[in-house]
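>>> coordinates only, sequence not included:
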Ligand code: ADP
Ligand code: MG
């Protein structure tokens, strides 16, 4: 059996009587790229909130590399090696991509010492290689505010990777991106999936088809089904829960 990077056991989150997660059992191998889909309100974001410690479960637990993270605070969980990318990029717009990555490489230093102290040679090499990975070598020294939305998304993914997490959580990375930018982000995530364990939450079915190996469908806070994109899209339960959703969310359009 493969080693597990993440498991949840009967995970339940009760918001004043409403179960955003309901006895959720989930398991993922080290090195896996998993895409999570599900209709609006299925509990996808809450699931990430629980993994990162932002929300504590009412019942059940999260195991990271086999150990319960129940008693840990959000920053301790991040330090253990779980990195999360939020939907809106959180980058320093007045700094360059290179400077943004330098800061992320060394989170123990603050912005000022990162900028005014010289980065070590190792750090410089790491940043250079990250810039190449995220395809921003040519824009390394312009203000990040001048980057396109897709480039900003890639920069933020790079900043996440700079912190060397073992598990990357990425929530709707291609919302609002052009087709070309969507493909770039997809290729970047596929490249990162060679090195890291990655969970991607996504609505864009075209994108899901580009990157997905194994898909987990959430519905009403539980796993509805799992499998390849082909298996999932023809599952009658999945088709049923997507009925009545917006057209671009419709799993039959995959
Ligand atoms: P998804 O990301 O799949 O669209 P969410 O995890 O954001 O779903 O939400 C799942 C359900 O839980 C939704 O019905 C939402 O309204 C509800 N919910 C999320 N956060 C809270 C909260 N802090 N208090 C009460 N209800 C919440
Ligand atoms: Mg959400």
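Sure thing, it's come through. Values in this document were obtained by computation on a predicted structure and should not be read as measured data. Ligands and ions are numbered 1, 2, ... in the order given.

>>> In three-state terms, label residue 135 for me.
coil (DSSP: H, G, I helix; E, B strand; the rest coil).

>>> That one against residue 183, yeah?
No: with contacts counted by CB atoms under 8 Å, residue 135 stays clear of residue 183, the gap being 11.4 Å. All C-beta atoms are positioned from the backbone trio N, CA, C, and that covers glycine.

>>> secondary structure element for residue 223?
strand 222-227 (DSSP states H and E).

>>> packing partners for that strand?
Counting contacts by 3 or more CB pairs under 8 Å, 6 or more residues apart in numbering; DSSP states H and E, strand 222-227 packs against strand 18-29, strand 214-219, helix 229-233, helix 236-242.

>>> just the ones you listed: most buried one?
Highest mean neighbour count among the helices and strands packed on strand 222-227 (mean count of other CB atoms under 10 Å): strand 214-219, with a mean of 22.

>>> Adjacent strands (with direction) for that one?
strand 33-37 (parallel), strand 222-227 (antiparallel) (DSSP bridges).

>>> Packing partners of the helix or strand just after the first one?
On the C-terminal side of strand 33-37, the closest following helix or strand by DSSP H and E is helix 44-51. Identification of packing neighbours for helix 44-51 by 3+ CB pairs under 8 Å, 6+ apart yields strand 4-15, strand 18-29, strand 33-37, strand 59-64, strand 167-171, strand 197-201.

>>> In JSON lines: those, plus distance to residue 85 and mean pLDDT.
What follows is those, written out as JSON lines (distance: least, CB to CB, whole Å; pLDDT from 0 to 100):
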{"stretch": "strand 4-15", "distance to residue 85": "16", "mean pLDDT": "97"}
{"stretch": "strand 18-29", "distance to residue 85": "17", "mean pLDDT": "97"}
{"stretch": "strand 33-37", "distance to residue 85": "14", "mean pLDDT": "96"}
{"stretch": "strand 59-64", "distance to residue 85": "17", "mean pLDDT": "97"}
{"stretch": "strand 167-171", "distance to residue 85": "5", "mean pLDDT": "95"}
{"stretch": "strand 197-201", "distance to residue 85": "9", "mean pLDDT": "96"}
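
>>> could I get the ones you listed as TSV with distance to residue 97?
As requested, the helices and strands packed on helix 44-51 are arranged in TSV below (distance: least, CB to CB, whole Å):
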stretch	distance to residue 97
strand 4-15	29
strand 18-29	30
strand 33-37	25
strand 59-64	30
strand 167-171	18
strand 197-201	21
